[in-house]
Every structure is written in structure tokens, then in C-alpha cells.
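[1] Okay, sequence plus prediction incoming.
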Amino acid sequence: MPDSVFITLDNRLSELDRLADEVERFGEAHGFSPRTTYQIRLALDELLTNVISYGYHDQERHEIGVRMRLEDGRLAIELMDDAAPFNPMEAGLPDLTCPVENRRIGGLGIHLVKKVMDRVRYERKEGKNLLMLVKTIE
Amino acid sequence: MRLDPQRVGEALMAAVTGNLDAVTAPDFEARLTAAVKPGEQRIILDFSGCDYISSAGLRVLLGIAKRLPKKDGGLFILSPSPVIADTLAVSGFENIVNVVWSLEDALAPA
């Protein structure tokens, strides 16, 4: 398998299963540990679930691009969408120490993304959201 | 997803299989909630057949845990995979659910 793949998805949650399969294949081909592959899947799922669930204010079909590139032991991922401008890195994070009865769940997905990725950067470019993730592959 | 809810002693036990994510979580929550009886004390979710959980699944677990008493009950996650146990830990769920590795521990008095 080449060191770089580009996948396009429709803005439907069911597409995330297909993306998970692609991540699985990419990880397997490049000898990623099951844990690493899981973490990559989790980060992409969290970010794209947000985009698909909240990013579009019409009923149209939209295309989301995912590029994964492996170089020198680092995986660089780019997510491109034409959803409403949204920088997930500025979203509020949950208070993880809160007892169960007061605990709120907002921001947990983004918290997980930050935990499993080494770097996450957001840009709004030419009317698109661009998220750049980096993960060191051990 | 096949839940197979059943009574084990006083507890409600159900299986979580495949993925618990934004696609499957709403249906899972509805079907589990339908099996919960009023005054339910303890719910055991067998995670041994679960491959994947995202924050959408965690949100459902939190909602269930909130409705159970902390003392002499609660939500028990039985035999999650190592990566799922990890995900629960980095999400700060140690004080929300009880992760256990045997049914005996899941049924033990608090």
C-alpha cells in the first residue's frame, strides 16, 4: 500500500464505517499496532461525527476529504470539509474530575482527539475547514 | 447490535457488541432503557464483544450511570478490550463506571 491515501466521504454518519475500514487497512499495511490504529480511527470519528452532525445547515450532499500520509514515522492527516466554520480546538473541554451526577459530556470527543494525537491544528482556508493532525507512530 | 438483556440476580445484564458510536448509540440506548425496570440498582454491560467506543457511546454510558445509585449499585463494564479500558480511563470515567474483569466482581456487594 502506498504511504499516502486520499479518501472522500459523503456527509452521512454511515460513511464513518467505511473510513474505519480504510484506516484499518492502512494501519495493517504499515504495521501499526492495534492500539495506534484504534486511536487514529477514534480521532477521525470524533472530528467527522461533529462535522457531519452539526456542520451543515442544508439537506445537500457534501464531500469530505481525508488524506493520510506516512513519512519518517509520523502520520500526517488532513481533513477538509465545506461545513460551517468551526474550530474544534476552541471548543470547551469537560471537567474530568466532576462526580457522576454533575458530569457533562460536552467536549469529550475533542478531549479524546487531543489525547491520541500529538498535534492538531485548524485553519479556515478558501471557504473550507482544514484540520491537520500529526501522530508519531511508535 | 445484539443486546440479549437478562436478569442476573438483582442486576440487569446486557451485551455490547461491535461498535458503540454515533451510528449505533441511539438504538443501543433506547433498547437498553426499555429493559431497565424502575428502581434499577445495578447494570452490567458485557463489553467482551465490543470492538470500539467513541464519545457518543461514552455519553450513553454516562446517562445510564447517572440514573443508578452510587452505593450498592451502579454501572459495571465487564471485560472491555485494553484500548476500550484506556479510552474509559482517559475520559475520566473511573469514577463514573466500575470496570471489572469477572462476573463475580460485577455482582459483588459494593
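    Done, it's in. Quantities reported herein were computed from a predicted structural model and do not represent experimental measurements. Numbering: from 1, shown residues only, chains lettered A, B, ... in the order given.

[2] Work out the gap between whichever strand or helix holds B:T33 and the centre of the chain.
    Element membership of B:T33, judged by DSSP states H and E, is helix B:25-35. Relative to its chain's centre, helix B:25-35 lies at 11 Å (C-alpha atoms, centre = their mean, to the nearest Å).

[3] Does it reach chain A?
    No - Helix B:25-35 is not in contact with chain A by C-beta under 8 Å from any C-beta of the partner chain; minimum separation 10.2 Å. Placement of C-beta: from N, CA and C, glycine included.

[4] Quick check: mean pLDDT of that helix?
    Averaging pLDDT along helix B:25-35 gives 96.

[5] B:A22 and B:S55, how far apart?
    From B:A22 across to B:S55, the span is 8 Å (C-beta to C-beta, to the nearest Å).

[6] before we move on, the earlier item: and the next element down the chain from the helix holding B:T33?
    Sequence order places strand B:42-46 as the next helix or strand after helix B:25-35, per DSSP H and E.

[7] residues in contact with A:R121?
    Contact analysis of A:R121 by C-beta atoms under 8 Å, 6 or more residues apart in numbering or on different chains lists A:89, A:131-133.

[8] Name the secondary structure element that contains the closest residue to chain B within chain A.
    Going by C-beta to the nearest C-beta, chain B is nearest to A:L96 of chain A, at 2.9 Å. Using DSSP H and E, A:L96 falls within no helix or strand.

[9] What's the local residue count around the spatially closest residue to it that is not a sequence neighbour?
    Leaving aside its sequence neighbours, A:L96 sits nearest to B:G92 (C-beta to C-beta, 6 or more residues apart in numbering or on different chains; 2.9 Å). A count of nearby residues for B:G92, using other C-beta atoms under 10 Å in any protein chain shown, gives 17.

[10] what does B:N95 give?
    As a burial measure, B:N95 scores 14 neighbours (other C-beta under 10 Å).
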